[in-house]
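Peer 1: Provided below are the primary sequence and the corresponding predicted coordinates.
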Amino acid sequence: MPDLGWNNVAVITGDETGRLFGVARSGNGDGHYLIWVADVSAETLQAPGAQDANTSLNGVPITQVVTAAPVIDFDVTAAAASADGHQLLLVGSTRQDINVPVLALVDLYGSQPASAGSSNNSSHPAAKQRLASLLHVHQGLYAERPGLRILQVAWHPSSSRHFATLTSDNRWRLYNTNNLAEAEQTYALHLPGTQTSLGIHRSSGPTPRFTAFAFGPLAAGWASLSVMLLTSDGGVYLLCPVAPFGLRMSASVLQRLFNSAEGTAHAWLLAAFLSILAHESEAVSARPHMLETAAPALQGPLNQDTDSVKPHTTNSLACTLAVSNTSGNINGLGSLSLGNQGSMEQAVFSVLVTGFSNGTVYAHALEVGQVIPVWLDATPQCAYDQTGEIAAVRYEVEVVPTASADAGLTPVPENAQQSGGAASADNLSPLLLLDALKINLHLPPGAGIESPDDDLFPEAGPISPADSDEESDAGYDPSAARGRGLVSSSSGQQRQRCSGGLGNSRINRSAGGFGVGVIGLLDEDADDDLEDRQLQQLHRVTLHAAPELPGRFWACHDQGCWGVNVRWLQQLSSKLSAAAADGDGDVPQQSERGALLTPSLQELLVSGSQVKSSCVVGNALLGSSCVVLEGSGELSILRPTPAGVLGEGVLAGADAAAEDDVLGLLDVQLTSDELDTKSRMEDFYADICRGPRRLPPPPKPQNLSELTAADPAGLKYLNDMTSWLVATHVQFATGAHADLVERLKQLHSEVSRSQ
């Protein structure tokens, strides 16, 4: 393979269209950075061995080299591309002072062809040279706050114009790309024992800090207007509602929320989505809004009194959080609404995973229907623009405790799901801890912080709360943990896990977002230098969610990457729906939860050098992969095998039996009626399950990069590729669309007859 200089790339990130972005040094000695753009999906789907678990990307061609204006003259430590790849966020620090953070946006969509002779990247002469604008974000804040750390940045999944940041001062800010001078919405997050705007209330011991966040799962309800936040002790908090100004939502979904809302929830919906009353369109945009006497409350910790919340120590800190799509997306229909479902609606779940710096990963079930908004009395601050519209809002957010969900996940009544209201200690947590996994960090001897607890897994096998409270990064023997049993903290049943483990990453990243781990979690006025130095030594785990397969995650670390498959997601929905259908309202008891499918682990990469960066490329429709960049310049694309669930299609992997085993389908005991239904469904959707035809693509001309549509050879190749796409993907997509539309009509008819 030719050396394309990936060792010169500092960080990588990907978008949902299959493009990979690398921020690379220019190579001419000026220390400036350039942006490389490569089309990963086009290469990997057609390449031989495209479905291997680990495929090298060293030969992927660079299609564009983008120079920013003004130049990128600061040290870049992380990057995040918007879903469509039109804009790129860069995080770093000034070279004059590494304590001064920098956040900038590169407008790739508005880039222009670079003038002739302006290219300063001789490594990729065939790539198009582009010039893009660079804009600094909230420069007045970050430039004036030395010591402030940008812990995470992520693009909003439902608004391409908005992104959010979490900083070390416990502030969560939401920005609009149309106004980068200040945050559109600022939430000052106050945990018990932290400083508030009304005074200082500090606890006697170390106070947890917020370390990561994730947007709530996309669903037809309040969950799509929520944010999940993680603290350094593993606590998970819920902030709801949060609606970016200009966010477009389905009018039918908003109408159902509006019809059942009461009190503050009703007032907020009117303030944010007043046009819902007009019934003029299928989608409604959120207006600039706030309530003058109320602010969203911070609900949590949702996992209180569980093993996933640890005493706050420097031995191990929670540093990564990921949320999967909902269980309703497993069948490929997403959150498709068939009108007013009422009581026919199945319990919908998502998987929320948290990771600690010592390699412990906890998998929680998040019941989407129980995600509801809660408010507290407050007086938000706001700024207005020249037209009198609200331009920016700042909230002081306090914590409201939630009742434990350990007694079981029970469906919330329809009016309670959607009404929301004032804070109450009776708010039921939507989160239930079901699994704990110990991750192999592949640490060299003597690495990490010394700990008297050298063996984290006693010979008895299961992890008990007493054993796991003081786990640290040091003294972990990978061989001693292989094949040992784990215990579900909710069921008490011993569980077997795959050998090996998951890892850490120096900088946490994901498709559309990233985090910079636990470095800089302390306040600037921290009075314990030793604790600060210990924090710098912690190893970090980075969790990425696969958008097309709910419950599927990647975990990247300094020495490699693993695949994680949480297999009980659909099973849990079925169990609770069956319990609800019995009429007694009972839910699976602890003994029944122990029968839930165990997570599966698969080692995808063992790095010969330190992993520099990782990201997810792709989306729920095209499929996704994890791309990992090593310090040696090796670029790999990783997929858990089998790669997909489409039978003989281009996303298929191993045989059907092996695929069912990985997905956890073989362990599900089906009744005779269910087997008959499954068989009829397979016959009905046979063409869809087979996927696109596996036809070889036309051969590429040797001088493809030099050809244009005006050249005869270029025009021939273009026509050949068009014919190949029509015969494979276009025919498949057209047929699948027609079949699914027809089936949707039948489902509408069936629902109407049953009501």
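Peer 2: Happy to help now that I have it. Just so we're clear, the structure is a prediction, and the values are computed from it rather than from any experiment. Numbering: from 1, shown residues only.

Peer 1: so how far does stretch 550-564 reach from one end to the other?
Peer 2: In stretch 550-564, first residue to last residue: 11 Å (C-alpha to C-alpha, to the nearest Å).

Peer 1: scratch that, stretch 233-246
Peer 2: The straight-line separation of the ends of stretch 233-246 (C-alpha to C-alpha) is 35 Å.

Peer 1: Could you check how many residues crowd around S632?
Peer 2: Counted with other C-beta atoms under 10 Å, residues neighbouring S632 total 13. The way it works is simple: take the backbone N, C-alpha and C, and place the C-beta from them, glycine included.

Peer 1: now the residue nearest to it when sequence neighbours are not counted: how far from T264?
Peer 2: For S632, ignoring the flanking residues on the chain, the nearest one in space by C-beta to C-beta, 6 or more residues apart in numbering is S609 at 4.2 Å. Separation of S609 from T264 (C-beta to C-beta, to the nearest Å) stands at 54 Å.

Peer 1: who has more neighbours, the two?
Peer 2: Set S609 next to T264 and count neighbours by other C-beta under 10 Å: T264 wins out with 21 against 13.

Peer 1: That one belongs to a helix?
Peer 2: Yes: counting by DSSP: H, G, I helix; E, B strand; the rest coil, T264 is part of a helix.

Peer 1: ok, it touching A294?
Peer 2: Yes: using C-beta atoms under 8 Å, T264 is in contact with A294, at 5.5 Å.

Peer 1: Name the residues contacting each of those two.
Peer 2: Common contact partners of T264 and A294 (C-beta atoms under 8 Å, 6 or more residues apart in numbering): W375.

Peer 1: Need the CA coordinates for the helix ranked longest in the chain. CSV is fine.
Peer 2: The longest helix of the chain (DSSP state H) is helix 731-754. Written as CSV, here are the backbone C-alpha positions of helix 731-754 (Å, rounded to 0.1, in the frame of the first residue of the first chain):
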residue,chain,number,x,y,z
GLN,A,731,-33.8,-2.0,-7.9
PHE,A,732,-33.5,-3.3,-4.4
ALA,A,733,-34.4,0.0,-2.8
THR,A,734,-37.3,0.6,-5.2
GLY,A,735,-38.8,-2.9,-4.6
ALA,A,736,-38.3,-2.7,-0.9
HIS,A,737,-40.0,0.7,-0.8
ALA,A,738,-43.0,-0.6,-2.7
ASP,A,739,-43.3,-3.6,-0.5
LEU,A,740,-43.0,-1.7,2.8
VAL,A,741,-45.5,1.0,1.6
GLU,A,742,-48.0,-1.8,0.7
ARG,A,743,-47.4,-3.5,4.1
LEU,A,744,-47.9,-0.2,5.9
LYS,A,745,-51.3,0.2,4.2
GLN,A,746,-52.2,-3.3,5.4
LEU,A,747,-51.1,-2.5,8.9
HIS,A,748,-53.2,0.7,8.9
SER,A,749,-56.2,-1.4,7.8
GLU,A,750,-55.6,-4.0,10.5
VAL,A,751,-55.3,-1.4,13.2
SER,A,752,-58.5,0.3,12.1
ARG,A,753,-60.4,-3.0,12.2
SER,A,754,-59.1,-3.8,15.6
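
Peer 1: tell me the mean pLDDT for it?
Peer 2: Across helix 731-754, pLDDT averages out at 74.

Peer 1: What residues sit buried inside that helix?
Peer 2: Within helix 731-754, the residues that qualify as buried are 732, 736, counting by 16 or more other C-beta atoms under 10 Å.

Peer 1: packing partners for it?
Peer 2: helix 686-690 (3 or more C-beta pairs under 8 Å, 6 or more residues apart in numbering; DSSP states H and E).

Peer 1: got the angle for the very next helix or strand once past the helix it packs on vs helix 731-754?
Peer 2: Downstream of helix 686-690, the next assigned helix or strand under DSSP states H and E is helix 712-725. Relative orientation of helix 712-725 versus helix 731-754 (axes from the mean of the first three to the mean of the last three C-alpha atoms, to 10 degrees): 30 degrees.

Peer 1: Please save the CA atoms from helix 712-725 in PDB.
Peer 2: Taking C-alpha atoms only, helix 712-725 is exported to PDB below (Å, rounded to 0.1, in the frame of the first residue of the first chain):
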ATOM      1  CA  PRO A 712     -14.900   9.000 -23.600                       C
ATOM      2  CA  ALA A 713     -13.400   6.600 -21.100                       C
ATOM      3  CA  GLY A 714     -14.700   8.600 -18.200                       C
ATOM      4  CA  LEU A 715     -18.200   8.700 -19.700                       C
ATOM      5  CA  LYS A 716     -18.100   5.000 -20.300                       C
ATOM      6  CA  TYR A 717     -17.100   4.300 -16.700                       C
ATOM      7  CA  LEU A 718     -19.900   6.600 -15.500                       C
ATOM      8  CA  ASN A 719     -22.500   4.800 -17.600                       C
ATOM      9  CA  ASP A 720     -21.200   1.400 -16.400                       C
ATOM     10  CA  MET A 721     -21.400   2.500 -12.800                       C
ATOM     11  CA  THR A 722     -24.900   3.900 -13.300                       C
ATOM     12  CA  SER A 723     -26.000   0.600 -14.800                       C
ATOM     13  CA  TRP A 724     -24.400  -1.400 -11.900                       C
ATOM     14  CA  LEU A 725     -26.200   0.800  -9.300                       C
END
